[in-house]
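Chemist: Next one to model:
(one chain, ligands or ions: 1)
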Amino acid sequence: MKHFAIFSVLMIAAAVLIAGCGKSEEFKKLESDMYASVTAMHDDGMSMMNKGNDLSAKIDDAIAMYDSMAAKYPKQFEGQSSDDLKAAKEKLSTATTSMKEWMSEMKPYDPTMDHMQVMAQLTKSKDGITKVKADFQDAFSAATTALMSHKAFAEDMATNLAAGVKKVGKK
Ligand SMILES: [Cu+2]
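Modeler: Residues are numbered from 1 along each chain as shown. Sure thing, here's the model as predicted:
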């Protein structure tokens, strides 16, 4: 009789676990922590995407400026190009596309799903957004470098032109 009672308790415990709602608190916490971390990375990705759009607009301005200056002063612009700006813009656009793809593939967290499945899904999402963020970081540094170098060149040229004008004026 005693053995039977213990057996019954075990059967009930097993039944509760198998019923699904029996996901342990520990597993639930692992899942929700992981989900929170992926969500935070998504938010980072969103603000990176906004920053990417701003930089892309700045690059468009810089390319327009470059083209008009290069047309006006072909001699001074010899050997120069706007390829670095264009390459940086391409990188920004690729990162933005990856971010949008990642978002469209992102599945909502389903707490009723099997723990291992949830963790596998969230790990895949986290790896994906980690790569997207790295792509943005890479594109930002390319964009910043290109914008700075073109700004420096334009400033040098403005200085040289002003000096040239002064010389001409003195003659
Ligand atoms: Cu988003």
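
Chemist: near the ion at all, the lengthiest helix in the chain?
Modeler: When the chain is parsed with DSSP state H, its longest helix is helix 115-170. No. Helix 115-170 stays clear of the ion (C-beta under 5 Å from the ion), getting no nearer than 9.9 Å. Bear in mind the C-beta positions are built from the backbone N, C-alpha and C, glycine included.

Chemist: Show me how far that helix is from its chain's centre.
Modeler: Taking C-alpha atoms, centre = their mean, to the nearest Å, one finds the center of helix 115-170 at 13 Å from the center of the full chain.

Chemist: for that helix, what is the average pLDDT?
Modeler: Averaged across helix 115-170, pLDDT comes to 92.

Chemist: for that helix, packing partners?
Modeler: Counting contacts by 3 or more C-beta pairs under 8 Å, 6 or more residues apart in numbering; DSSP states H and E, helix 115-170 is packed against helix 25-72, helix 83-105.

Chemist: Please produce TSV containing these, extended by distance to the ion and mean pLDDT.
Modeler: As requested, the helices and strands packed on helix 115-170 are arranged in TSV below (distance: least, C-beta to the ion, whole Å; pLDDT from 0 to 100):
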stretch	distance to the ion	mean pLDDT
helix 25-72	5	96
helix 83-105	4	98
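
Chemist: Run the chain-centre distance for stretch 31-41.
Modeler: Worked out by C-alpha atoms, centre = their mean, stretch 31-41 lies 16 Å from the chain centre.

Chemist: Contacts for that stretch next, please.
Modeler: Residues outside stretch 31-41 that contact it (C-beta atoms under 8 Å, 6 or more residues apart in numbering): 106, 109, 111, 115, 118-119, 122-123, 125-126, 129-130, 133.

Chemist: ok, back up a step: reformat the helices and strands packed on helix 115-170 as a markdown table; add mean neighbour count.
Modeler: Formatted as a markdown table, those follow (neighbours: other C-beta atoms under 10 Å):
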| stretch | mean neighbour count |
| --- | --- |
| helix 25-72 | 15 |
| helix 83-105 | 17 |
